[in-house]
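A.B. asks: here are the coordinates; sequence isn't available:
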Ligand SMILES: [Zn+2]
């Protein structure tokens, strides 16, 4: 199929905003980007009018938990958490334990629908369902990739918190998934070796995983120093800080993803700079859990690559981007603590580089030769919109759901058209989610 996206502004994320531009998609790639008046309109299978729209590369979410979808609105009144560990034990570790194949499946569909409707075309999921581990990543892939067309990197979070048998099942689930990914020519799927966090992983388990990671030549996807508990456990149990501990197992690889990185000493940041793993900043989750704020200026100063995730909270990455930018300002106590162009590298450079390395294709620019992962947003700019200020328009003009996403393409296929996800009955998915959420909540509350 060939598509012509005609009219509207194109931000190519490669140094230009084209006013009244046009994009030609052929197969799964972008083949031409030019001014609309330079292209004939007839020679394509379909022409899509993009007047009054802003065309941008599809967005990437570098860390999420699709399994948390059915927690929305769940309140555990008898157990209000007083700290991060109580949030884990009182809510998340009860929720993930009670997940079933059906709730995993519907969570993937709801999350996928909401990602696409927010222009998010690629996600890095971190999954946990200790009562239903085997095959859980395949279930997510069925919904997210096969049914909805979201480019997805998956992993299972191995943890010793549920005993040896479940540790082994988690390791097996990662190995099965990574073997599936490496035997597949499909650039829609990717994977890392998933681990929960240092404080729920024993020396034996980390040694075992280190050998798999080396054999498979793959990075890990792990929470790092999200709460103080991670550091306290590492210091009291192993006599070393958490970055040093993970480093001693060779897990801080350039293809590893370390999520949060809040409670870090300067010496640990220096180690990260040397090993060059990818750090994922999740500002809204960090605020909600009251765990602290990652030192982004300190990381940028050291040349550490930092990307942006949502940690399962909300699905709108532009709002996440706005929150992350503002949070750094208040944290540093200065409005100029981190410039917008520098902060923009999280979502609009580093996330794309992570995705390119993971999926083995060119992503993140509206440029010929790149995969046609594209979001077309409703946006009539009330002021000039140029390459110099496009990030300002995103931060100050889009957030708060006033930027409905009209159409989305992934790998050249339309997955959202006229504000609706293609090929899916959204009402039925939400109805099924409602029913399954009720019984899931009952199980969580009685566990
Ligand atoms: Zn997380």
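C.D. replies: Everything's here; your move. In this text, all values refer to a predicted model and were calculated from it rather than measured experimentally. Numbering: from 1, shown residues only.
A.B. asks: So what sits opposite the residue nearest the centre of the chain in the bridge?
C.D. replies: The chain has residue 61 as the residue nearest its centroid, 2.4 Å off, counting by CA atoms, centre = their mean. Counting by DSSP bridges, residue 61 forms beta bridges with residue 123.
A.B. asks: That one and residue 82: what is the separation?
C.D. replies: Separation of residue 61 from residue 82 (CB to CB, to the nearest Å): 29 Å. In short, each C-beta sits where N, CA and C put it, glycine included.
A.B. asks: so how far is the host helix or strand of residue 438 from its chain's centroid?
C.D. replies: When elements are assigned from DSSP states H and E, residue 438 belongs to helix 426-445. Remark: helix 426-445 is offset 24 Å from the chain centroid, using CA atoms, centre = their mean, to the nearest Å.
A.B. asks: So which residues make contact with that helix?
C.D. replies: With CB atoms under 8 Å, 6 or more residues apart in numbering as the contact definition, helix 426-445 has outside contacts at 69-70, 74, 76, 91, 94-95, 98-100, 102-103, 106-107, 109-110, 113, 420.
A.B. asks: Of those residues, keep whichever come out buried.
C.D. replies: For the contacts of helix 426-445, a neighbour count by 16 or more other CB atoms under 10 Å gives the buried set as 69-70, 91, 94-95, 98-100, 103, 106-107, 109-110, 113.
A.B. asks: Which of these fall in strands?
C.D. replies: Among the buried ones among the contacts of helix 426-445, no residue falls in strands (DSSP state E).
A.B. asks: What residues sit buried inside the worst-scoring helix or strand of the chain on mean pLDDT?
C.D. replies: Sorting the helices and strands of the chain by mean pLDDT, DSSP states H and E puts helix 84-87 at the bottom, at a mean of 87. For helix 84-87, a neighbour-count test (16+ other CB under 10 Å) marks 84, 85, 87 as buried.
A.B. asks: Check the spacing between the closest residue to residue 380 other than its chain neighbours and residue 266 real quick.
C.D. replies: Leaving out its chain neighbours, the residue that sits closest to residue 380 by CB to CB, 6 or more residues apart in numbering is residue 52, at 5.0 Å. From residue 52 across to residue 266, the span is 49 Å (CB to CB).
A.B. asks: Looking at the two, which is more packed in?
C.D. replies: Ranked by neighbour count (other CB atoms under 10 Å), residue 52 and residue 266 place residue 52 first, with 13 against 9.
A.B. asks: Check what pLDDT the more buried one gets.
C.D. replies: In this model, residue 52 is scored at 92, pLDDT.
A.B. asks: what does residue 401 give?
C.D. replies: With respect to pLDDT, residue 401 scores 55.
A.B. asks: Please verify my assumption that residue 170 contacts residue 161.
C.D. replies: No. Between residue 170 and residue 161 there is no contact, the gap being 10.4 Å when judged by CB atoms under 8 Å.
A.B. asks: Counting neighbours, go ahead and name the busier of the two.
C.D. replies: A count of neighbours by other CB under 10 Å puts residue 170 above the other of residue 170 and residue 161, at 29 against 17.
A.B. asks: so who does that one touch?
C.D. replies: Residues near residue 170 by CB under 8 Å, 6+ apart: 130, 133, 156, 157, 158, 159, 194.
A.B. asks: So which of the residues you listed are in strands?
C.D. replies: Among these, DSSP E puts residue 194 in strands.
A.B. asks: Need the contacts of residue 170 in JSON lines (columns: pLDDT and distance to residue 283).
C.D. replies: Shown next, in JSON lines, are these (pLDDT from 0 to 100; distance: CB to CB, whole Å):
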{"residue": "130", "pLDDT": "95", "distance to residue 283": "28"}
{"residue": "133", "pLDDT": "97", "distance to residue 283": "30"}
{"residue": "156", "pLDDT": "98", "distance to residue 283": "25"}
{"residue": "157", "pLDDT": "97", "distance to residue 283": "21"}
{"residue": "158", "pLDDT": "98", "distance to residue 283": "26"}
{"residue": "159", "pLDDT": "97", "distance to residue 283": "25"}
{"residue": "194", "pLDDT": "98", "distance to residue 283": "22"}
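A.B. asks: Distance to residue 431 for the contacts of residue 170 - can I get that in a markdown table?
C.D. replies: Compiled in a markdown table, the contacts of residue 170 are given as follows (distance: CB to CB, whole Å):
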| residue | distance to residue 431 |
| --- | --- |
| 130 | 27 |
| 133 | 27 |
| 156 | 29 |
| 157 | 29 |
| 158 | 34 |
| 159 | 33 |
| 194 | 31 |
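A.B. asks: Which of the contacts of residue 170 ranks first by neighbour count?
C.D. replies: Result: residue 156 is most packed of the contacts of residue 170 (other CB under 10 Å), 31 neighbours.
A.B. asks: OK, contacts around the closest residue to that residue other than its chain neighbours?
C.D. replies: In this structure, residue 156 finds its nearest non-sequential neighbour in residue 173, 4.1 Å apart by CB to CB, 6+ apart. By CB under 8 Å, 6+ apart, the contact list for residue 173 reads 133, 134, 135, 136, 137, 156.
A.B. asks: and residue 304, how many neighbours?
C.D. replies: There are 22 residues near residue 304, going by other CB under 10 Å.
A.B. asks: For it, list the residues it contacts.
C.D. replies: 269, 272, 273, 276, 279.
A.B. asks: Which residues does the least confident helix or strand of the chain contact?
C.D. replies: So helix 84-87 is contacted by 79, 81, 226, 227, 228, 229, 289, 290, 291 (CB under 8 Å, 6+ apart).
A.B. asks: Work out the gap between it and the centre of the chain.
C.D. replies: Centroid separation for helix 84-87 versus its chain: 22 Å, with CA atoms, centre = their mean.
A.B. asks: the domain parsing of this structure - what is it?
C.D. replies: Here the domain parsing of the chain from automatic domain parsing is 2-58+365-420, 63-359.
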